[in-house]
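Peer 1: When you get a sec, could you give me coordinates for this:
(2 chains)
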Amino acid sequence: MMLLKEIGAELVAMFVGDARLAVCVLALIGGVGLLVHVAGVGALAAGAVLVLGCLAILLESVRRGAALYDRQ
Amino acid sequence: MIWSSVLPAVGASFAASVVEAVEAFTIVLAASTLHGWRPAALGTAAGVGALAVGVGLFGPLLAGVPIQILQLTIGVLLLLFGLGWLRKASLRAAAIIPLHDEDAIFATHSAGPGEATFVHRRSGDWLAATMAFKAVVLEGLEVIFIVIAVGAGQGLLIPAGLGALAACLLVLLIGALVHRPLSRVPENTLKFGVGVMLSSFGVYWSGEGLGIDWPGQDAALLLFVALFLGAGLAGTALVRRPAQEVVQ
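Peer 2: Below you'll find the model as predicted:
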């Protein structure tokens, strides 16, 4: 049972190593979904938001990670 | 079959699998050093068996999932996985966190959970087998996920699977020859590259799943690779520290 719990925890950590990054990605995907299907924004513009959003999330996450290690 | 999508899929699957296989091999080797090759081999075989059963049971279910839901789900998981790898690889390249050290991991696992635990040979064998089993299952699940993620959306499961298999066999072959942790594998560079590839596939499939038709179809992947590579390198440069300041 312990082994299964450990494997389960590692699996979750595989995708949610950094909770804030995960929440930002999910919020971005949800937001782009709304842009496409509710607001009727064009596919190209929505795609650009998705790509640029991911790049921004990455850069912010790296910057925040470095700041966190600095504080430690 | 379009080479612009086959090569990135096989390459990402191969490189990611090298990283995972090296990690699993290090722990299996440590287990075999502790209690001989038999419990480590048994744990490894049980791990491979459990993975095979899992793939056999759940693999066919993939065919029943509507393609757009599959693309979106895989895309989101790939983004979570890929951006996580890229973030960590950037922090390692910037000397913010220490590099993954297979020698240190081998030493930690070889030390075992303490002498008192190994009073009985049988319980020690069980621990070594469990250690090998867990390593193979966890790293194997990551390999399976990557193969599905880069292959399922575009009918490239077999090429991606062959790329992963080749990587595992290569690591096993080199590991059997040198019989020590494969610490010379440029693991962070591989993780950086795989993070770039997985994030690119993640954006591509998430977009497709949301109904976005990317201009240039598969060729858009090349643009995403360039953008994520640039962002990863920029992130590294942004936070880089001199080597002596690395947090241990």
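Peer 1: which phi and psi does residue B:215 have?
Peer 2: Phi and psi for residue B:215, reported as degrees, to the nearest 10, are phi -60, psi 130.
Peer 1: and residue A:11, what pLDDT?
Peer 2: Per-residue confidence at residue A:11 stands at 76 (pLDDT).
Peer 1: Which element, helix or strand, includes it?
Peer 2: helix A:2-15 (DSSP states H and E).
Peer 1: ok, and does that helix reach over to chain B?
Peer 2: Yes. Counting by CB under 8 Å from any CB of the partner chain, chain B is contacted by helix A:2-15 at A:3, A:6-7, A:10-11, A:14-15. (Glycine included, C-beta is placed from N, CA and C.)
Peer 1: For the chain, give me the ranges with low pLDDT.
Peer 2: All of this refers to chain A. A:1 (pLDDT under 70).
Peer 1: wrong one, I was asking about chain B
Peer 2: In chain B (pLDDT under 70), the answer is B:1-5, B:100-124, B:153, B:181-185, B:242-248.
Peer 1: what's the offset of the lengthiest helix in chain B from the middle of its chain?
Peer 2: Ranked by residue count under DSSP state H, the longest helix found in chain B is helix B:3-35. Using CA atoms, centre = their mean, to the nearest Å, the distance from the centre of helix B:3-35 to the centre of the chain it belongs to is 6 Å.
Peer 1: again, but for stretch B:227-247
Peer 2: Here stretch B:227-247 is found 22 Å from its chain centre; the criterion is CA atoms, centre = their mean.
Peer 1: Need the contact partners of it.
Peer 2: In this structure, residues lying in contact with stretch B:227-247 by CB atoms under 8 Å, 6 or more residues apart in numbering or on different chains are A:51, A:54-55, A:58-59, A:62-63, A:65-66, A:69, A:72, B:86-87, B:89-91, B:93-98, B:192, B:195-196, B:199-200.
Peer 1: Quick check: residues of chain A near chain B?
Peer 2: A:3, A:6-7, A:10-11, A:14-18, A:21-22, A:25-26, A:29, A:32-33, A:36-37, A:43-44, A:46-47, A:50-51, A:54-55, A:57-59, A:61-63, A:65-66, A:69, A:72.
Peer 1: Which members of these occur in helices, if any?
Peer 2: Checked against DSSP H, the residues of chain A next to chain B include these in helices: A:3, A:6-7, A:10-11, A:14-15, A:21-22, A:25-26, A:29, A:32-33, A:36-37, A:43-44, A:46-47, A:50-51, A:54-55, A:57-59, A:61-63, A:65-66, A:69.
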